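[1] structure for this input, please:
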Amino acid sequence: MEQQIGFCIGAEGARIAYATVGEGPALVMPAHWLSNVQQSWQFPGSRCFFEEIARHHTLVRYDQRGTGLSDRNRTDFTLESELKDLETVIDRLKLKRLALFGFSIGGPIAVAYIARHPRRVSHLILYNTFARGKAMYSEELHTALVSLMRVHWGISSKALADIFYPGVSPTLADHYAEFMRECATQEMAAQLLDLIFNADIEHLLTGIRAPTLVLHRQQDRATPFRMGRELASLIPNARFVPLEGNIHFPWAGDSASVLRNIAEFLGDPVTDIQAAGATQPVAKQTYHDVFISFAFPDKDAAARIYACLKSNGISPFWCEDLTAGQDYPQLLGEAVRNSKSFLLVVSNSSDNSATVRKETTIAHNNKKPIIPVRIEDILPKNLEYLIANSLFFDAFPQPLEQHLPKLAGGIKKIIGSKSGEIK
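    Below is the predicted model:
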């Protein structure tokens, strides 16, 4: 399943990037704070979430103006401007009837849309969102966070990563912090955070007549649980479902429970994975054909390698296959030990990554076949001892895809010789 990316012209003549995938009744996700429709599709966790929805729907996502693939220049930071952008995307795709799935600032945008176009919306899904931005936290805290953001985007992005993804491994936290910095400049991020704080759609809630589902994780630190409860209480006949967990994003943590509730609400078939939901053991031991180790700047290359291996019947693992609340150092070590082979994405970045060095050391000590895949023409120095006896696979020059079939074939030969119980 592949998504299609297109562009339309919104307010101020700016291009808005949107992505569609799947077939069936339209399910539109209004923009959330800092996104990139291309990169999020490359991450296995979020891509699997989107693909599950797209089994029965045409899923539509888009980047806020000022972020991602949309034009980065912007001067209007109001909820009305966000509503106009949503209208532009929907009109561009000629959607006459649709369901809305809003989370974070996407919730108020969805409510504003249904208030203006009540007959076009069949269902409203609100996840980890709010009615009044100023009720989420104090003005002093908001001012301090925005000030820090404007002074040092690096430090503030890491602080925000801890809020959105509490308890995850340092690797995942660094990945998301870097993702935010790539999505928008610090000034744009600050302006859009101000937009969230000033958003207020409380007066519109009592007029909603479409079937409404409100989902909220009880330990969410970005949008307190009381916000979801308040939202549901003000919407006539809304169904409120408290969820376990503390991760802000629906595709991380116990995403199966989110998908199950959405499927049941929309009348879609519930898959076995969705039905299992949170009953799956959090620390379930799993076995894979290959562990993929990479530094954050190489995430796009790692994602493409991951997708290629998976499409060739190889079971790959990387850090995003773990969810919050787990003992990351222990489980990453177990994942390396429980994999038949170890693929190292070699670049200047990985050669200087402490996390990559730790993972490679575990693979070396457990005598795993190490497959160094060079995506840059370098000879590693810091990793030299650990991969001294390994044969390099060169995945350059670009495009990377031209080298991947040969890589997949080589890995199949390696894991074929490592059949049987993994020790």
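[2] look up how far A302 lies from P397.
    18 Å (C-beta to C-beta, to the nearest Å). Just so you know, the C-beta spots here come from the backbone N, C-alpha and C atoms, and that holds for glycine as well.
[3] these two: which is more packed in?
    Neighbours per residue (other C-beta atoms under 10 Å) separate P397 from A302, with A302 holding more: 26 against 9.
[4] who's in contact with H203?
    Shown in contact with H203 (C-beta atoms under 8 Å, 6 or more residues apart in numbering): no residues.
[5] surely it forms part of a strand?
    No - the assignment for H203, made by DSSP: H, G, I helix; E, B strand; the rest coil, is helix rather than a strand.
[6] tell me the pLDDT at it?
    pLDDT for H203: 97.
[7] and it, how far from Y62?
    With distances taken as C-beta to C-beta, H203 is found 26 Å from Y62.
[8] OK, contacts around the residue nearest the centre of the chain?
    Centroid-nearest residue in the chain, with C-alpha atoms, centre = their mean: S46, separated by 4.3 Å. S46 makes contacts with S40, F249, W251, A252, as judged by C-beta under 8 Å, 6+ apart.
[9] need these in CSV with neighbour count, distance to R97 and pLDDT, can you?
    Output for the contacts of S46, formatted as CSV (neighbours: other C-beta atoms under 10 Å; distance: C-beta to C-beta, whole Å; pLDDT from 0 to 100):
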residue, neighbour count, distance to R97, pLDDT
S40, 22, 26, 90
F249, 23, 27, 94
W251, 20, 25, 92
A252, 23, 30, 87
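[10] could I get the residues you listed as CSV with distance to H216?
    Formatted as CSV, those follow (distance: C-beta to C-beta, whole Å):
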residue, distance to H216
S40, 22
F249, 13
W251, 16
A252, 15
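[11] narrow the residues you listed to those in helices?
    Of these, the ones assigned to helices by DSSP state H are S40.
[12] nearest to D268, of the contacts of S46?
    W251 (17.0 Å; C-beta to C-beta).
[13] isn't that closest one right up against F50?
    Yes - assessed by C-beta atoms under 8 Å, W251 is found in contact with F50 at 7.5 Å.
[14] which residues of the protein score low on pLDDT?
    Confidence mapping of the chain against pLDDT under 70 gives the ranges 272-286, 320-330, 417-423.
[15] measure stretch 350-369 end to end?
    18 Å (C-alpha to C-alpha, to the nearest Å).
[16] and Y385, how many residues sit next to it?
    12.
[17] give the buried residues for the helix or strand in which I411 is found.
    In the assignment (DSSP states H and E), I411 maps to helix 404-416. Residues L404, L407, A408, I411, I415 are the ones in helix 404-416 that count as buried (16 or more other C-beta atoms under 10 Å).
[18] skipping adjacent residues, who's closest to the second one in space?
    If I follow you right, that is L407. In this structure, L407 finds its nearest non-sequential neighbour in F393, 5.8 Å apart by C-beta to C-beta, 6 or more residues apart in numbering.
[19] is it true that the one you found touches L404?
    No - counting by C-beta under 8 Å, F393 does not reach L404; the two are 10.2 Å apart.
[20] picking up where we left off before, tell me how far the helix holding I411 is from the chain's mean position?
    Taking the mean of its C-alpha atoms, helix 404-416 sits 28 Å from the chain's own mean (C-alpha atoms, centre = their mean, to the nearest Å).
[21] counting contacts, what elements does that helix pack onto?
    strand 288-293, helix 299-311, strand 339-346, strand 370-374, strand 393-394 (3 or more C-beta pairs under 8 Å, 6 or more residues apart in numbering; DSSP states H and E).
[22] and the first one, which strands flank it?
    Partner strands for strand 288-293, per DSSP bridges, with pairing direction: strand 316-317 (parallel), strand 339-346 (parallel).
[23] wait, which of these is closest to S122?
    Closest among the strands paired with strand 288-293, using C-beta to C-beta: strand 316-317, at 37.8 Å.
[24] got the angle between the helix holding I411 and helix 299-311?
    60 degrees (axes from the mean of the first three to the mean of the last three C-alpha atoms, to 10 degrees).
[25] which other residues reach helix 404-416?
    289-290, 304-305, 308-309, 312-314, 340-341, 343, 369, 371, 373, 393, 395.
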